[in-house]
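[1] Using only what follows, build the 3D model:
(one chain, ligands or ions: 2)
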Amino acid sequence: MTSPMLDLSSAIDPVKLDKLAETAIKVGLRLAPGQDLLITAPSAALPLVRRLAEHAYKAGAGLVIPFFTDEEMTLARYKFAPDSSFDRAAGWLYEGMGKAFSANTARLAVVGDDPMLLSTQDPAKVSRANKANSMAYQPALEKIAGFDINWNIIAWPGSAWAKQVFPNDAPEQAVRKLADAIFAASRVDRDDPVGAWEQHNAQLHTKTAWLNSQRFAALHFTGPGTDLTVGLADGHEWHGGASTAKNGITCNPNIPTEEVFTTPHAHRVDGYVSSTKPLSYNGTLIDNISVRFEAGKIVEAKASRGEDVLQKVLETDEGASRLGEVALVPHSSPISKSGLLFLNTLFDENAACHIALGQCYAKCFLDGATLTPEQIAAQGGNKSLIHIDWMIGSDQVDIDGIGADGTRVPVFRKGEWA
Ligand code: ZN
Ligand code: ZN
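    Numbers count the residues shown, from 1 in each chain. Ligands and ions are numbered 1, 2, ... in the order given. Below you'll find the model as predicted:
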């Protein structure tokens, strides 16, 4: 037996925790009266999930249904389950989730597990389990990636996660610090978080409106170890902050969020690029990534740490070595200024410009809601079982927008909007 996890939730400010729950329901989901809500969360996040249920019912939720995962139960599988377990996944559960989303159920995911939970497990088993799960998850993921319904992700300061981010602090102090960092990044450390989010969304929308008016054919990134031309998909559209799901509800899928992002062309990315922050992927830290693209595909990939895991990721399927997202985040973003490496994409992707390997977002196309998967592919949208963001921005990176006629417009200089 492993020692039971410490319950350190008393270190978390209950007022701010309640504000986080309220913000997730009112801003993140903008839950509509009568809508059902499905919540996935780590078991330790129960205090937050209870606050979420209360605010959801106050907003008129029909049913709030939680699904919990548990770190100790995940480890028990790696320790005791038969080998055949690692090719299995709960397809029936994900089919049910897909049905719920088809019936307009909203979806809220709470993240907060130990990012290194599986770091000492057999990588082959981890990769088999991930693949089986990704495949089984498709019926649910389609509805989320296709933005059929309003969805939102927020974070819970799990004690093992806190220990990774603040290794030199006592457990309780680490949880308090991580909680405060989550609250600040999520804008719930102020009197009127809902108002603060309205203002923040308006600022992000001025950026997306400008980028959409420019209709760049490509972005050119230059910096130390980087000279990369990212062709943008035909009919791409920039998004950032709140956006409208196919069910008509305008929500903020990520809390926090600082990025504006769109879809690159899966076959028009050329040059080389280096990561500027480590990538935490399923318990492995992949550091100093440098890759070379030819006609959209990664043809060379290196990393100073976790290179074998990176190679495995790239082999997942055909689309895993092509891009599905390019995102712009100024170096002065609040999360970047915090100086913390959260080891969690929800936070770290909002500290720097980034690209994502794998699946694109259908909503990042003009009239994206009406396009078939075939049309999205024809316009350059990538398809994959994975979607993994990694950071390529810093205060030394410049970005030019390149028009269809080859004209160049400065977009970023030294990591800031030009
Ligand atoms: Zn992103
Ligand atoms: Zn992404």
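[2] quick one, helices of this structure?
    Using DSSP state H, the helices of the chain run over residues 14-23, 46-58, 71-80, 91-102, 123-145, 159-165, 171-185, 193-214, 307-314, 334-337, 345-348, 373-378.
[3] Relative to the whole chain's centre, how far out is the fourth one?
    Pointing back at helix 91-102 there. Relative to the centre of its chain, helix 91-102 is centred 21 Å away, using C-alpha atoms, centre = their mean, to the nearest Å.
[4] Adding mean neighbour count, mean pLDDT and distance to ligand 1, write the helices of the chain out as a markdown table.
    Using the backbone N, CA and C atoms, a C-beta is placed for each residue, glycine as well. Shown next, in a markdown table, are the helices of the chain (neighbours: other C-beta atoms under 10 Å; pLDDT from 0 to 100; distance: least, C-beta to the ion, whole Å):
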| stretch | mean neighbour count | mean pLDDT | distance to ligand 1 |
| --- | --- | --- | --- |
| helix 14-23 | 20 | 97 | 20 |
| helix 46-58 | 19 | 98 | 23 |
| helix 71-80 | 14 | 96 | 26 |
| helix 91-102 | 16 | 98 | 21 |
| helix 123-145 | 18 | 92 | 13 |
| helix 159-165 | 22 | 95 | 20 |
| helix 171-185 | 20 | 96 | 15 |
| helix 193-214 | 15 | 97 | 13 |
| helix 307-314 | 18 | 93 | 17 |
| helix 334-337 | 17 | 91 | 12 |
| helix 345-348 | 22 | 92 | 8 |
| helix 373-378 | 14 | 95 | 18 |
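[5] which one of these lies closest to ligand 2?
    Shortest separation from ligand 2 across these is recorded for helix 345-348, at 7.1 Å, computed as C-beta to the ion.
[6] which other residues reach the closest one?
    Judged by C-beta atoms under 8 Å, 6 or more residues apart in numbering, the contacts made with helix 345-348 from elsewhere in the structure are 111, 153, 155, 182, 185, 254, 256, 277, 280, 335, 340-342, 388-389, 391.
[7] Return the closest of those residues with respect to Asp234.
    For those, the residue nearest Asp234 by C-beta to C-beta is Asp389; the value is 22.8 Å.
[8] and that closest one, bridged to which residues?
    The residues listed as beta-bridge partners of Asp389 by DSSP bridges are Ala356.
[9] Then Ile298?
    Partner residues in beta bridges with Ile298, using DSSP bridges, are Phe293.
[10] Around ligand 2, pick out the residues from the stretch 301-418 of the chain.
    Contacts of the stretch 301-418 of the chain with ligand 2, taken as C-beta under 5 Å from the ion, map to 325, 356, 389.
[11] contacting residues for Gly324?
    By C-beta under 8 Å, 6+ apart, the contact list for Gly324 reads 263-264, 266, 356-361, 381-382, 384, 387.
[12] which residues touch the nearest residue to Pro139 once chain neighbours are set aside?
    Nearest residue to Pro139 in three dimensions, chain neighbours excluded: Gly98, at 3.3 Å (C-beta to C-beta, 6 or more residues apart in numbering). With contact taken as C-beta under 8 Å, 6+ apart, Gly98 is in contact with 139-140, 142-143.
[13] Can you tell me the centre-most residue of this protein?
    Leu346 (4.7 Å; C-alpha atoms, centre = their mean).
[14] Verify the stated contact: Thr250 with His205.
    No. Under the criterion of C-beta atoms under 8 Å, Thr250 makes no contact with His205, lying 11.1 Å away.
[15] tell me, what's touching those two both at once?
    Residues touching both Thr250 and His205 comprise Ala242, with contact defined as C-beta under 8 Å, 6+ apart.
[16] Report pLDDT for Pro4.
    pLDDT, Pro4: 49.
[17] Now for the closest residue to Leu63 other than its chain neighbours, how many residues are close by?
    Computed as C-beta to C-beta, 6+ apart, the closest residue to Leu63 that is not its neighbour in sequence is Asp36, at 4.5 Å. Other residues near Asp36 number 18, with proximity taken as other C-beta atoms under 10 Å.
[18] contacting residues for Asp36?
    Listed by C-beta under 8 Å, 6+ apart, the contact partners of Asp36 are 61-65, 100, 103-106.
[19] Can you name the two of the contacts of helix 345-348 that sit furthest apart?
    Set against one another by C-beta to C-beta, these have their most distant pair in Ile182 and Ile388, with a gap of 21.8 Å.
[20] coming back round to it: go through the residues of the stretch 301-418 of the chain next to ligand 2 and say which is closest to Val175.
    Asp389 (25.5 Å).
[21] Please determine how far that closest one is located from ligand 1.
    As defined by C-beta to the ion, to the nearest Å, Asp389 lies at a distance of 5 Å from ligand 1.
[22] now Leu29
    When C-beta to the ion is applied, the distance between Leu29 and ligand 1 equals 19 Å.
[23] the longest strand in the chain is where?
    In terms of residue count, the longest strand belonging to the chain (DSSP state E) is strand 264-274.
[24] for Leu328, what are its contacts?
    With contact taken as C-beta under 8 Å, 6+ apart, Leu328 is in contact with 207, 259-261, 353, 393, 399, 411-412.
[25] Among those, name the ones in strands.
    Judged by DSSP E, strands contain the following of the contacts of Leu328: 260-261, 399, 411-412.
[26] pLDDT added to these, as JSON lines?
    As requested, those are arranged in JSON lines below (pLDDT from 0 to 100):
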{"residue": "Val260", "pLDDT": "97"}
{"residue": "Phe261", "pLDDT": "97"}
{"residue": "Ile399", "pLDDT": "98"}
{"residue": "Val411", "pLDDT": "98"}
{"residue": "Phe412", "pLDDT": "97"}
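[27] any idea which of the contacts of Leu328 is the one closest to Ala132?
    Each of those was scored against Ala132 by C-beta to C-beta, and Phe261 proved nearest at 28.7 Å.
[28] Please name the nearest non-neighbouring residue to the closest one.
    Closest residue to Phe261 in three dimensions, ignoring its sequence neighbours and counting by C-beta to C-beta, 6+ apart: Ala327, at 3.7 Å.
[29] so who does the one you found touch?
    Applying C-beta under 8 Å, 6+ apart, we find Ala327 in contact with 259-262, 349, 353-356, 389.
[30] Name only those of the residues you listed that count as buried.
    With neighbours counted using 16 or more other C-beta atoms under 10 Å, these contain these buried positions: 259-262, 349, 353-356, 389.
[31] where does Asp189 fall, phi/psi-wise?
    Asp189 adopts backbone torsions of phi -90, psi 20, taken as degrees, to the nearest 10.
[32] list the contacts for it?
    Counting by C-beta under 8 Å, 6+ apart, Asp189 touches 16, 180, 183.
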